[in-house]
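Engineer: any chance you can model this:
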Amino acid sequence: MQYRSLLFIALFSISIILNLNFPIKASTQDKNVPGTTVAMVQQNNFSVPQEFRGKIVRQVNPISDKKVISFTFDDGPSPDITPEILDILKKHKIKATFFVIGNNLKNFPQLGQRLVTEGNAIGNHTWHHWRRLMNEFTATHEIEDTATLIYEITGVKTSLFRPPNGFLYNGLVDYAQKRKDAVILWSVDSDDWRGQKVSVDHIVDKVLDNVQPGTIILMHDGGGDRSHTVQALPKIIDQLTQRGY
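Structural biologist: Prediction:
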């Protein structure tokens, strides 16, 4: 059980302490995505232990007394913000989980390749980020088309799914659970989705005032002006590191 719990935590890139790295094979050209180069991952399946398949997860139970948390970023990749987020994470030797929108990944495949190549986990955040009620046909395409593209571009098959805005009852989660994905929500919302309506200090304080071991932090690298996210992230990392995370 301890081994499986460790594996689960690893898949969420809680690596301020663990500092996980996924070994990468030599890049290969993907004929299905013109003009792109696919970084094929040797460990090419972000799967989860059986007891979490098809379950909704809001927080992780850390092993023993380790002070570990998980950074997650939604709505990318975006050409202006995702590279800055990746640069910050790389500088601090931290891995995160990126829940990508299929339509964005199609437009910026090199960013999907980079985030996986640098050891981050990737999750499915649907193709369009629709929040409306969907029938099974639409929900299937929203998830499966994104999953297919993630594999074509990165060589990764992921079992991590996050519904747009955390909506649980519009048809998406029902289908994700049928395919035995782990439905990943969060335990701390940084409020960075509000963009310029909230200050950098507000984002920093919202995280630091609510974080505890096992926290899954919601942040964004797409979907609007995320300049405050870029400014807040190093401050959050520095403070968490000082606290022993």
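Engineer: may I ask which helix or strand of the protein has the lowest mean pLDDT?
Structural biologist: Of all helical and strand segments in the chain, the minimum by mean pLDDT, DSSP states H and E falls on helix 15-18, at a mean of 32.
Engineer: got a list of contacts for the helix or strand residue 84 falls within?
Structural biologist: Counting by DSSP states H and E, the secondary-structure element that holds residue 84 is helix 82-91. With contacts defined as CB atoms under 8 Å, 6 or more residues apart in numbering, helix 82-91 is touched by 71, 73, 76, 95-96, 98, 108, 111, 114-115, 118, 120, 221-222, 229-230, 233-234, 237. C-betas here are computed from N, CA, C, even on glycine.
Engineer: the same query, at a cut-off of 6 Å, please.
Structural biologist: Contacts of helix 82-91 with the rest of the structure, by CB atoms under 6 Å, 6 or more residues apart in numbering, involve 76, 96, 111, 118, 221, 230, 233, 234.
Engineer: let's see which of these end up in helices.
Structural biologist: Within the contacts of helix 82-91, membership in helices is found for 111, 230, 233, 234, as judged by DSSP state H.
Engineer: of those residues, just the buried ones, ChimeraX syntax please.
Structural biologist: Selecting just the buried residues from the ones in helices among the contacts of helix 82-91 in ChimeraX takes one command, with 16 or more other CB atoms under 10 Å as the test:
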select :111,230,233
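Engineer: okay, the ones in helices among the contacts of helix 82-91 in a markdown table with distance to residue 90 and pLDDT next?
Structural biologist: Rendered in a markdown table, the data for those read as follows (distance: CB to CB, whole Å; pLDDT from 0 to 100):
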| residue | distance to residue 90 | pLDDT |
| --- | --- | --- |
| 111 | 14 | 98 |
| 230 | 14 | 98 |
| 233 | 12 | 98 |
| 234 | 12 | 98 |
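Engineer: so what's the closest residue to residue 186 other than its chain neighbours bridging to?
Structural biologist: Distances taken as CB to CB, 6 or more residues apart in numbering put residue 218 closest to residue 186, at 3.9 Å, once the chain neighbours are dropped. With DSSP bridges applied, residue 218 shows beta-bridge pairing to residue 72, residue 189.
Engineer: look up how far residue 49 lies from residue 218.
Structural biologist: In this structure, residue 218 and residue 49 are 23 Å apart, going by CB to CB, to the nearest Å.
Engineer: out of these two, which sits in the busier spot?
Structural biologist: Under the neighbour definition other CB atoms under 10 Å, residue 218 and residue 49 were set side by side, and residue 218 has more, 22 against 15.
Engineer: OK, contacts around that one?
Structural biologist: If a contact means CB under 6 Å, 6+ apart, then residue 218 has 186, 189, 190 as its contacts.
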